[in-house]
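*Asks:* Mind folding the following:
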Amino acid sequence: MDELFWLTDAQMERLRPFFPKSRGRPRVDDRRVLSGIIFIQRNGLMWKHAPATYGPAKTLYNRWKRWSQMGVFATIMTELAGQAQETDTVMIDATHLKTHRTASSLGAPKGGRGRLIGRTKGGLNSKLHVLADAKGRPIRMFLSAGQTSDYIGARALLSQIPQAASLLADRGYDADWFRNALIDMGISPCIPSRKARKVSIPHDADLYRQRHRIENMFARLKDWRRIATRYDRCPILFLSACALAATVIYWL
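*Replies:* Numbers count the residues shown, from 1 in each chain. Just a heads-up that it's a prediction; the model follows:
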């Protein structure tokens, strides 16, 4: 029993305001079901292998699927992050996540049937784009196919960037349109210039050293085995797993 994960009473109090209202029969114990869902995601298990103490595996999966499609887990992360984020400085980056054959099987045609799975030199994978606060804690996420450029992720997250003094990003985000968009928002871009630039644009090297925090965040997310390896065919379920992990690690 000591090896199993259980949400504490304090954590449940923070989560409960975001739960959908129960209709009809009372819902199965939220603490037990959510603890089981987290246990599965952290350990990379198949749903049928969930420990019996969490209840029927079908109940865990059905709750996971239903609430993910309702956007519950994504909402929890963004709302809790909004209550505690430190955005004097923000960061943006992306990471590749390996796709298991179970997520890309069934002979999907080119484009992956909207599964957001692409092929790169590293094989089949998806790409998680993250906007993080000054401490490297995720506040917004966007999922794309693995071959998607960082520019696409930046464009998708641009409208969600909070008011900040600076934004840190690696040279993969060095584009004039992105720099100009940040400046128009009153945000100073701290982005190293691409080597192909004829005239290098200076950046604050001391401030840029803080970017390791978002890299550390990706490493912690990948400690969850169902994130380091994508098993879900449905991109909504997979992005919900990323949001749930971020919530448990950083915002509870």
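*Asks:* thought Gln147 was touching Leu116?
*Replies:* No. Counting by CB atoms under 8 Å, Leu116 is not a contact partner of Gln147; they are 10.6 Å apart. In this view, the C-beta of every residue, glycine as well, is placed from N, C-alpha and C.
*Asks:* Where in this structure is the helix or strand with the lowest mean pLDDT?
*Replies:* Among the helices and strands of the chain, strand 118-120 carries the lowest confidence by mean pLDDT, DSSP states H and E, at a mean of 85.
*Asks:* tell me what the helix or strand following it is packed against?
*Replies:* Note on strand 118-120: by DSSP states H and E, the next helix or strand toward the C-terminus is strand 123-132. Packing partners of strand 123-132 (3 or more CB pairs under 8 Å, 6 or more residues apart in numbering; DSSP states H and E): strand 89-99, strand 118-120, strand 138-145, helix 150-157, helix 212-221, helix 235-246.
*Asks:* Quick one: list the elements packing against the longest one.
*Replies:* Think helix 235-246. Under the contact rule (3+ CB pairs under 8 Å, 6+ apart), helix 235-246 is packed against helix 30-43, helix 57-69, helix 72-84, strand 123-132, strand 138-145, helix 212-221, helix 225-228.
*Asks:* Of all these, which one is nearest Leu7?
*Replies:* Closest of the helices and strands packed on helix 235-246 to Leu7 is helix 30-43, at 5.2 Å (criterion: CB to CB).
*Asks:* roughly how far is that closest one from the heart of the chain?
*Replies:* On the basis of CA atoms, centre = their mean, to the nearest Å, helix 30-43 sits 17 Å off its chain's mean C-alpha point.
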